[in-house]
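Engineer: sequence and predicted model, in that order:
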Amino acid sequence: MLVNRWQQCKASFHSITISHTYREANFSADTAAKEGANLNENVIHEFVGKAPWLLKWESPFALYFRFID
């Protein structure tokens, strides 16, 4: 049963941290989502290495700020 499995999984961890990154700060995911939204139906693009339209990589140790009104 799923509940029992979840209880077993929880018991194996000392702590669980859930974090969230706004899409605006995840430049790769944001750019890929925009590119994918512009594809025609049933079109697949595959790349070896970095996609040519992916110009900016986010740094996992950099601070990014989101300003809202």
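Structural biologist: Nice, I can see it.

Engineer: if I look at the most centrally placed residue in the chain, how far off is residue 54?
Structural biologist: In the chain, the residue lying closest to the centroid (C-alpha atoms, centre = their mean) is residue 29, at 5.5 Å. Residue 29 sits 10 Å away from residue 54, going by C-beta to C-beta, to the nearest Å. Every C-beta, even on glycine, is put in place using the N, C-alpha and C of the backbone.

Engineer: got it, and residue 28?
Structural biologist: From residue 28 to residue 54 the distance is 6 Å (C-beta to C-beta).

Engineer: same question, residue 31
Structural biologist: For residue 31, the distance to residue 54 - C-beta to C-beta - is 6 Å.

Engineer: so what pLDDT did residue 28 get?
Structural biologist: Here the pLDDT value assigned to residue 28 is 79.

Engineer: how about it, secondary structure?
Structural biologist: helix (DSSP: H, G, I helix; E, B strand; the rest coil).

Engineer: if I look at it, how far off is residue 48?
Structural biologist: According to C-beta to C-beta, residue 28 and residue 48 sit 16 Å apart.

Engineer: more neighbours, the two?
Structural biologist: residue 28 (13 against 5; other C-beta atoms under 10 Å).
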